[in-house]
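In: Here's a sequence, model it:
(one chain, ligands or ions: 1)
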Amino acid sequence: MIKIQVISKYIALSEEGLAKRIECPIDQGLLASNLDFEDKAYLYCLSCSYKKYVGLDLYDQMWRAVEKLHEYRWDIHNKEHAKWKENNPHNDIKWWSV
Ligand SMILES: [Zn+2]
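Out: The predicted structure follows:
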């Protein structure tokens with residue numbers, strides 16, 4: 001099942017330089033994602049009429065990249081939490097509110 005959220009997240013990551021950018025093959029323009037009337041996800045170019053449906057292979061690559069980064073960020077979060085706990089051993093609640 002292809003989820004448009006994963007595709008748009010991937011595009012956001014690629015704009016941040018955190019994932020490989022997928023460009024329009026015609027004019028190297030930026031691609032955006034959308035759903036057609038049958039709920040099929042596709043990419044389209046913002047500057048020309050290029051349109052491409054997202055196949056399972058491409059989706060799988062996007063999904064992996066999004067998951068990997070999510071795990072990486074969660075790992076950093078946990079390390080920061082551990083550090084914070086060391087300095088504030090009696091107050092674990094505050095971490096979640098800062
Ligand atoms: Zn284009």
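In: Run a quick neighbour tally on the closest residue to S14 other than its chain neighbours.
Out: In this structure, S14 finds its nearest non-sequential neighbour in R21, 4.4 Å apart by C-beta to C-beta, 6 or more residues apart in numbering. C-betas here are computed from N, CA, C, even on glycine. By other C-beta atoms under 10 Å, 12 other residues sit near R21.
In: same question, G29
Out: Neighbour number of G29 under other C-beta under 10 Å is 15.
In: quick one on the thing from earlier: can you tell me the element the residue nearest to S14 falls in?
Out: Assigned by DSSP states H and E, R21 belongs to no helix or strand.
In: my read: it touches A12, true?
Out: No: counting by C-beta atoms under 8 Å, R21 sits too far from A12 to count as a contact (11.4 Å).
In: The ion contacts on the chain?
Out: Proximity of the chain to the ion, by C-beta under 5 Å from the ion, involves residues 24, 26-27, 29, 45, 48, 50.
In: just the buried members of those?
Out: 24, 45, 50 (16 or more other C-beta atoms under 10 Å).
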